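Undergrad: Quick check, what structure comes out for this input:
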Amino acid sequence: MAAVGARPRARGHRACHRRDSGRRGRRCRHLAAGDLAIATAILYVRRFASLIKVEHSIFALPFAYAAAFLAELQVPGFWRMFWITIAMVAARSFGMSVNRLIDAGIDALNPRTAGRELPAGRLRRYQVWIFAVASLAVLIVATFNLPVITRYLWPVVVAPMVIYPYLKRFTWLTHLVLGIADGLGPVGAWVAVTGVVTYQPFLLGFGVAFWIAGFDVIYAFMDIEVDRAQKLHSIPADLGERAALWFTRAFHLLAIALLALTGWAQGTNFVYYIGVAACGILLFYENWVMRTANLAKVGVAFMTMNGIISLVFLFFTTLCLFVP
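TA: Numbers count the residues shown, from 1 in each chain. Coordinates of the predicted model:
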């Protein structure tokens with residue numbers, strides 16, 4: 001009788017085991033699906049970060065923060081700085097996205113840029129368009145949390161970002177338009193603090209514009225032959241390497257002069273001018289490194305030195321607020 005009674009229990013154990021196995025299988029599938037979703041999300045975050053070159057934010061944000069500090073010679077409140085940061089990041093994300101969309105065909109024909117997200121197929125055009133529109137929406141939301149005047153001025157900031165990619169098809173002045181697109185960032189940050197438009201922020205904005213234009217000329221050395229083959233315009237491609245080096249030096253001299261004038265217009269103390277002098281020395285070194293068109297040194301001139309310059313300027317601008 002014991003043996004007869006054992007068989008139903010065995011069948012019951014097998015049924016329980018199948019139910020447990022089924023639950024574990026479903027749980028594993030859910031976990032696997034969740035892990036896949038997380039991995040996919042991380043992958044696309046990385047791709048979009050690469051699309052907009054998020055690491056290049058080190059050029060733009062320090063000057064925007066410095067502008068906000070210089071506007072009233074004090075550090076604005078947390079929420080003001082928070083929304084300025086959101087506006088800057090959103091504007092830059094929009095500008096880079098539109099640039100990549102407009103230049104996707106050109107990038108595909110350039111060995112240096114063919115591996116970018118759109119030519120390489122890692123992102124689709126509709127995805128980048130959605131990202132660009134979302135970035136623009138975030139910028140507009142940010143302006144509604146800043147002084148009222150910024151709600152009406154954001155198109156002025158956005159317009160050069162859309163114009164810039166097309167200009168290389170017509171003129172070597174494209175470097176200056178890129179500079180203006182970036183230089184309007186500090187102007188916007190300044191106005192976001194004061195709520196009024198005056199001449200002082202434009203001194204800083206044009207200083208940044210000439211700084212950006214100068215190292216964009218250096219950056220264009222990498223594409224001279226491709227630009228000429230595709231009939232695209234840049235100072236190195238149109239005017240030659242020697243002329244391009246002199247343009248860079250002239251732009252950087254103007255940048256330093258305008259940064260100094262900004263301090264004079266705002267009545268800053270000697271600490272600010274030490275920072276301007278330090279930036280001048282660093283720009284002199286950058287131009288000395290690029291005294292010949294040596295492509296191997298573009299990385300040093302473009303990324304390393306310009307990242308240091310922006311941080312040095314922010315450091316001394318901030319320090320001048322706390323030194324009598």
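Undergrad: any idea which residue sits dead centre in the chain?
TA: The geometric centre of the chain, computed from its C-alpha atoms, lies nearest to residue 57 (Cα atoms, centre = their mean), at 3.9 Å.
Undergrad: Distance check, that one against residue 97.
TA: Relative to residue 97, residue 57 is positioned 14 Å away (Cβ to Cβ, to the nearest Å). Glycine gets a C-beta too; all of them are placed from N, C-alpha and C.
Undergrad: Which residue is the nearest non-sequential neighbour of the residue nearest to the centre of the chain?
TA: residue 92 (6.6 Å; Cβ to Cβ, 6 or more residues apart in numbering).
Undergrad: pLDDT below threshold where in the stretch 151-300 of the chain?
TA: Along the stretch 151-300 of the chain, segments meeting pLDDT under 70 span 293-300.
Undergrad: please redo it, this time with the cut-off set to 80
TA: Per-residue confidence for the stretch 151-300 of the chain (pLDDT under 80) gives these ranges: 290-300.
Undergrad: Now do the contacts for the closest residue to residue 268 other than its chain neighbours.
TA: Nearest residue to residue 268 in three dimensions, chain neighbours excluded: residue 320, at 5.4 Å (Cβ to Cβ, 6+ apart). Shown in contact with residue 320 (Cβ atoms under 8 Å, 6 or more residues apart in numbering): 268, 269, 271, 272, 275.
Undergrad: Would you mind giving the secondary structure of residue 170?
TA: coil (DSSP: H, G, I helix; E, B strand; the rest coil).
Undergrad: how many other residues sit next to residue 74?
TA: A count of nearby residues for residue 74, using other Cβ atoms under 10 Å, gives 12.
Undergrad: so it makes contact with residue 322?
TA: No: contact between residue 74 and residue 322 fails when scored by Cβ atoms under 8 Å: they sit 9.8 Å apart.
Undergrad: Please determine how far the residue nearest to residue 57 is located from residue 106.
TA: Counting by Cβ to Cβ, the gap from residue 92 to residue 106 is 21 Å.
Undergrad: Looking at these two, which is more packed in?
TA: Each of residue 92 and residue 106 has its neighbours counted (other Cβ under 10 Å); residue 92 has more, 25 against 18.
Undergrad: which SSE is that one in?
TA: For residue 92, the host element (DSSP states H and E) is helix 78-102.
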